[in-house]
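**Q** Predicted model and sequence follow; I will ask about them next.
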Amino acid sequence: MRYLSQFIIIYGILLIFSGCSSTRQITINTIEPSPVDFSNQVKKIGIVNTSTSKLTKNYTTRLEQLIVLEERWLAEKGTDAALTGLFDELLREKRFETVKILAQLPDEMPNFGANPDKETWELIAQICKENDIDAIFALASHETATSYSLKKAKMEQYDMLRERIKVSAQEITLETLIENGWRIYDPKLRKLIDEFTSNEQIVASAKGVSPVEALQAIDRRREQLLEQSKRSGSSYAQRMQPQQFAIERDYYAFGTENFKVASKNIQNGEYSEAEALWEEEIANPKARISSRACYNLAVLKEFNHDLEGALHWANKSYQINKDDTTLDYIMTLEGRQAQTDVLKAQLAETAFDD
């Protein structure tokens, strides 16, 4: 009993200390530049399909035959859906003057590849010139793979007297992986601007008295597969846009009474009050307290989208007390500041008025 009491006391102490962190968090909403950096000369876009189907699966049963036939159907219709999704989403942007799917192309459109040679670049430039476009968005690959599993189950059906009875059945589960590979070619710069692969999975299941009937009982599978393929194209188009993120930053909440009150101010949205209290602590004779006050001011400046001010206070914090956490934060802020010019250019491009 004595050992149990000691254990409870120790456990309680650990809980107390684990709950007493010296920091709290504030959420900062940021906008990061798109990972796809276009030349400002790219205003007219052509979309092409350069993917080729590699579907050569064999089958030994009627069930496998039906699944393979579905994959072949998706290989044809899924590419159209992916291209349409990309087209529709790019049309919504104000970044490009023209967006079109190119239909009048050579009968055997080659896959330009990730490292086009001189001849291929000349072909890309020719296609762009003939279609009055600046760059090509290519669906470079479109692959589908479906696996299935069967298990015994029970299902209800009507007997000859129109009464519902339970009968032995098979439950089939299909898992379909759709992989789309995208590339963007700029013939003027002879540059592969972007290369990206997306993977989506669709899972569907149903029951039937036989595996084939179970497969045929799956509702809206084709529609779901096409919807997913279309979303793939739409998602890739969204990759062209600056993205909004929410990041969490730690700030110091304890050390003096001012820190405690300021932390409550932050939680209540009283940012000016918190700033004033931290500014009072800059003159604190204890280096650690003064440094943390500067650090908190840096976080608050970043919260207010003032990266230059954030770097000023972060550097001042590090000068007072050379802490690794502060150094990491300085490097993070420098990285964000380096992206600012790229972001400004992208935001200006998205405001293009056609």
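**A** Thanks, I have it.
**Q** wait, doesn't residue 279 sit right on residue 293?
**A** Yes. Between residue 279 and residue 293 a contact is recorded at 7.4 Å, counting by Cβ atoms under 8 Å. All C-beta atoms are positioned from the backbone trio N, CA, C, and that covers glycine.
**Q** Of these two, which one has the most company?
**A** Counted by other Cβ atoms under 10 Å, residue 279 and residue 293 do not tie: residue 293 has more neighbours, with 28 against 15.
**Q** Now do the phi/psi pair for the more buried one.
**A** Backbone torsions for residue 293, taken as degrees, to the nearest 10, come to phi -60, psi -40.
**Q** Make residue 1 into 8 and carry on from there
**A** Sounds good: first residue 8 from here, last item residue 300.
**Q** quick one: it from residue 313, how far?
**A** As for residue 300, its distance to residue 313 is 17 Å (criterion: Cβ to Cβ, to the nearest Å).
**Q** Okay, now the unreliable bits of the stretch 8-157 of the chain?
**A** Applying pLDDT under 70 to the stretch 8-157 of the chain picks out residues 8-28, 60-64, 111-116.
**Q** Please save the CA atoms from whichever strand or helix holds residue 133 in PDB.
**A** Assigning secondary structure by DSSP states H and E places residue 133 in helix 125-138. What follows is helix 125-138, C-alpha atoms only, in PDB (Å, rounded to 0.1, in the frame of the first residue of the first chain):
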ATOM      1  CA  LYS A 125      17.200  19.400 -79.200                       C
ATOM      2  CA  GLU A 126      14.800  17.800 -81.700                       C
ATOM      3  CA  THR A 127      12.100  17.400 -79.100                       C
ATOM      4  CA  TRP A 128      12.400  21.000 -78.000                       C
ATOM      5  CA  GLU A 129      12.100  22.100 -81.600                       C
ATOM      6  CA  LEU A 130       8.900  20.000 -81.900                       C
ATOM      7  CA  ILE A 131       7.500  21.600 -78.700                       C
ATOM      8  CA  ALA A 132       8.300  25.000 -80.000                       C
ATOM      9  CA  GLN A 133       6.700  24.200 -83.300                       C
ATOM     10  CA  ILE A 134       3.500  23.000 -81.600                       C
ATOM     11  CA  CYS A 135       3.400  26.200 -79.500                       C
ATOM     12  CA  LYS A 136       3.900  28.400 -82.600                       C
ATOM     13  CA  GLU A 137       1.200  26.700 -84.600                       C
ATOM     14  CA  ASN A 138      -1.300  26.900 -81.700                       C
END
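**Q** contacts for that helix?
**A** 53, 55, 107, 109, 111-112, 117, 119-120, 123, 140-143, 192, 194-195, 197 (Cβ atoms under 8 Å, 6 or more residues apart in numbering).
**Q** Adjacent strands (with direction) for whatever helix or strand comes next after that helix?
**A** Next in sequence after helix 125-138, counting helices and strands by DSSP H and E, comes strand 142-165. Using DSSP bridges, strand 142-165 pairs in its sheet with strand 51-56 (parallel), strand 171-193 (antiparallel).
**Q** Out of the ones you listed, which one sits most buried?
**A** strand 51-56 (a mean of 21; mean count of other Cβ atoms under 10 Å).
**Q** So which elements touch the helix or strand just after it?
**A** Scanning forward in sequence from strand 51-56 by DSSP H and E, the next helix or strand is helix 69-99. Packing contacts for helix 69-99, counted by 3 or more Cβ pairs under 8 Å, 6 or more residues apart in numbering; DSSP states H and E, involve strand 51-56, strand 105-108, strand 142-165, strand 171-193, helix 218-223, helix 228-245.
**Q** same thing but 6 Å
**A** Helix 69-99 is packed against strand 51-56, strand 105-108, strand 142-165, helix 218-223, helix 228-245, with contacts defined by 3 or more Cβ pairs under 6 Å, 6 or more residues apart in numbering; DSSP states H and E.
**Q** Just send those back as CSV, with distance to residue 261 too.
**A** Converted to CSV, the helices and strands packed on helix 69-99 look like this (distance: least, Cβ to Cβ, whole Å):
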stretch, distance to residue 261
strand 51-56, 54
strand 105-108, 55
strand 142-165, 53
helix 218-223, 61
helix 228-245, 42
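**Q** deepest of these, which one?
**A** Most buried of the helices and strands packed on helix 69-99, by mean neighbour count (mean count of other Cβ under 10 Å): strand 51-56, with a mean of 21.
**Q** Next, the angle helix 125-138 makes with that strand.
**A** 120 degrees (axes from the mean of the first three to the mean of the last three Cα atoms, to 10 degrees).
**Q** can you tell me how far residue 123 sits from residue 150?
**A** Plainly put, residue 123 is 21 Å away from residue 150 if you go by Cβ to Cβ.
**Q** Equivalent analysis for residue 56, please.
**A** Taking Cβ to Cβ, one finds residue 56 at 13 Å from residue 150.
**Q** Need the strands paired with strand 142-165 in TSV (columns: distance to residue 204).
**A** Output for those, formatted as TSV (distance: least, Cβ to Cβ, whole Å):
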stretch	distance to residue 204
strand 51-56	16
strand 171-193	5
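**Q** right, and those strands - which one's nearest residue 37?
**A** Of all these, the one in closest proximity to residue 37, counting by Cβ to Cβ, is strand 171-193 (25.1 Å).
**Q** tell me the mean pLDDT for the closest one?
**A** Mean pLDDT, computed over strand 171-193, is 92.
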